[in-house]
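Visitor: sharing a model prediction with you, sequence too.
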Amino acid sequence: MKRLLLGRLLMISVLLAGVTTAGCLTAAQMALEDRTTEDQATDTAIATGILSRFADKDKGLLLDVSVDVQEQRVMLTGTLDDPAMKKTVVELVGTDRRVKKVYDEIQIVTKEEKARRREEAEKQKKESKEGAGQSVNDFWIATKIEAQLVGAGGIRSINYRWRSVRNKVYIIGRAREAEELNKVLDICRNTKGVESVKHFIEVRPK
């Protein structure tokens, strides 16, 4: 029993790399965020709980669905082949009373496409924690966006989490001002391979 518990905790800790766009944040990175320490701790606890419930339901969900949590707002992305399972996934997230809002952006695809994407995600997970839960193409689009956001002036990229799913980009976070929000969206929209961008970015009140 103890080995089983340790194994499960290890699996979830590895998959928590999927809670952020480019792997787990270091303590130094977390210190640079505009989120309070309390919010960061709560968001991590929410994400860990969601992944645990996913694993209990179907371990494959850890490859099919990505979870990003910002100030108790949860963004769900990925692909499933069953609308009923999608509904179940959203309900599993909603069982945590700390969650303020759920953005359900899970796409429904064919069984064949889901199997292919799961296979790619499994391969990415083995090769790099940073690629956990993403297909190869999605991973490279997200990586290109990251490079641009990190290098852009006037953008605190640490305050954002983003995903690419079948060339569609989803991003959550909080901008310091409207100008920063526009810069972030412009970068995402103009990244090669991106077909559309949907955001859940709130502008911090002055």
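Guide: Yep, that arrived.
Visitor: how close does Lys125 sit to Asp64?
Guide: 12 Å (C-beta to C-beta, to the nearest Å). Every C-beta, even on glycine, is put in place using the N, C-alpha and C of the backbone.
Visitor: go on, Tyr170?
Guide: Distance from Tyr170 to Asp64, by C-beta to C-beta: 15 Å.
Visitor: how about Arg161?
Guide: For Arg161 relative to Asp64 (C-beta to C-beta), the value is 18 Å.
Visitor: again, but for Ile201
Guide: 25 Å.
Visitor: compare these two (neighbour count), which wins?
Guide: Asp64 (22 against 17; other C-beta atoms under 10 Å).
Visitor: wait, doesn't the more buried one sit right on Lys114?
Guide: Yes - at 6.7 Å, Asp64 and Lys114 qualify as touching, with contact defined as C-beta atoms under 8 Å.
Visitor: any common contacting residues for these two?
Guide: Counting by C-beta atoms under 8 Å, 6 or more residues apart in numbering, the common neighbours of Asp64 and Lys114 are Thr79, Leu80.
Visitor: phi, psi of the spatially most central residue of the chain?
Guide: Centroid check for the chain by C-alpha atoms, centre = their mean gives Asp68 as the closest residue, at 3.6 Å. Torsion angles at Asp68 (phi, psi; degrees, to the nearest 10) stand at phi -130, psi 130.
Visitor: show the pLDDT at it.
Guide: At Asp68, the pLDDT value in this model is 97.
Visitor: who are the contact partners of Val197?
Guide: Lys168, Val169, Tyr170, Ile171, Leu185, Cys188, Arg189 are the contacts of Val197 under C-beta under 8 Å, 6+ apart.
Visitor: and the residues you listed, which is closest to Asp96?
Guide: The shortest approach to Asp96 among those belongs to Tyr170, at 20.4 Å (C-beta to C-beta).
Visitor: quick one: contacts of the helix or strand harbouring the closest one?
Guide: Taking DSSP states H and E as the definition, Tyr170 sits inside strand 168-175. Strand 168-175 is contacted by residues 34-35, 68, 70-71, 73, 75, 77, 103, 105, 107, 141-142, 145, 159-164, 181, 184-185, 188, 191, 194-204 when judged by C-beta under 8 Å, 6+ apart.
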